[in-house]
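# Sequence and predicted model, in that order:
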Amino acid sequence: IQLTQSPSSLSASVGDRVTITCRASQGISSYLAWYQQKPGKAPKLLIYAASTLQSGVPSRFSGSGSGADYTLTISSLQPEDFATYYCQQLNRFPRTFGQGTRLEIK
Amino acid sequence: EVQLVQSGAEVKKPGESLRISCKGSGYSFITYWIVWVRQMPGKGLEWMGTVYPGDSDTRYSPSFQGQVTISTDTSSSTAFLQWNSLKASDSAIYYCARRGQWKVGDYYYYGMDVWGQGTTVTVSS
């Protein structure tokens, strides 16, 4: 299953609302997770089951979607949110990742 | 504290063998799948394969099948990623991660909820 994220990169300001999309090559029944990765660090799980927030993740992060189309939304960007975001499908082996979306400060 | 601690950075020559490790602690190691993820310099995440320590069930991405071997030692709560003959293109950071599992409604869903710190492998002549 191929995952295509858009955009590949995004410039935004603190306080902005941003949305990242992830489209699968076939339906994945909400078996989708989102991760945040900062430079030099391991990825961090933000969301699983397409819309369930992992414990400890701020509520400004939210996920939605179904079938083959999913979104990650950050409601009000904070300085610590500038990072690269990846989606991952966990419906079929191999458990593929999207190519990533780099979120930069405008 | 639940954690995965990986072995240190490695510098190897092409053709050499290598095994890196990932030691789990703070949870029941045998009841969670361990996943290996590659990240080449400046690139994205690639799912390599996974192993269930409880019964050694192992799945590989077709991209990595036959190129690496994933295994575990339950007596030491450690997972391994092994190469028999390294190539320069194997230079990357390798992460291990635990596959968490949660019930949402009637179904179980997954995500990689605990990650190791990464092991940098450099292969150069």
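Yep, it's here. Numbers count the residues shown, from 1 in each chain, chains lettered A, B, ... in the order given.
# Residues of chain B that sit close to chain A?
For chain B, the contact set with chain A under CB under 8 Å from any CB of the partner chain comprises B:35, B:37, B:44-47, B:49-50, B:59-63, B:95, B:97, B:99-100, B:102, B:104, B:109-113, B:115-118. Glycine gets a C-beta too; all of them are placed from N, C-alpha and C.
# Now stretch B:51-64: buried residues?
Neighbour-count burial for stretch B:51-64 flags B:51-53, B:59-61, B:64 (criterion: 16 or more other CB atoms under 10 Å in any protein chain shown).
# thinking again about what came up before, narrow the residues of chain B next to chain A to those that are buried.
B:35, B:37, B:44-47, B:49-50, B:59-61, B:95, B:97, B:99-100, B:109-113, B:115-116, B:118.
# Inside strands: which ones of these?
B:35, B:37, B:45-47, B:49-50, B:59-60, B:95, B:97, B:99-100, B:109-113, B:115 (DSSP state E).
# Could you grab the helix/strand/coil label for residue A:22?
When classified by DSSP: H, G, I helix; E, B strand; the rest coil, residue A:22 comes out as strand.
# Correct me if wrong: residue A:33 contacts residue B:111.
Yes. Using CB atoms under 8 Å, residue A:33 makes contact with residue B:111 at a distance of 4.0 Å.
# Would you check that residue B:86 makes contact with residue B:11?
No. Residue B:86 is beyond contact range of residue B:11, at 10.6 Å (criterion: CB under 8 Å).
# Looking at these two, which one has more neighbours?
Taking neighbours as other CB atoms under 10 Å in any protein chain shown, residue B:86 and residue B:11 compare with residue B:86 leading, 20 against 11.
# Pretty sure the more buried one sits in a strand.
No. Residue B:86 is assigned coil when assessed by three-state DSSP, not a strand.
# And it, how far from residue B:65?
17 Å (CB to CB, to the nearest Å).
# Verify the stated contact: residue B:46 with residue B:63.
Yes. Residue B:46 is in contact with residue B:63 according to CB under 8 Å; the separation is 7.1 Å.
# hey, what's the residue nearest to residue B:33 when sequence neighbours are not counted bridged with?
The shortest distance from residue B:33 to any non-neighbouring residue, by CB to CB, 6 or more residues apart in numbering or on different chains, is to residue B:99 (4.0 Å). Beta bridges link residue B:99 to residue B:112, judged by DSSP bridges.
# now swap in the one 5 residues further on and tell me
Residues found in beta-bridge contact with residue B:104 (criterion: DSSP bridges) are residue B:107.
# was I right about it contacting residue A:52?
Yes. Using CB under 8 Å, residue B:104 is in contact with residue A:52, at 5.8 Å.
# ok, residue A:89 touching residue A:32?
Yes. The pair residue A:89 and residue A:32 passes the contact test of CB under 8 Å, sitting 5.8 Å apart.
# quick one, which of those two is more surrounded?
The neighbour comparison of residue A:89 against residue A:32 (other CB under 10 Å) goes to residue A:32, with 29 against 26.
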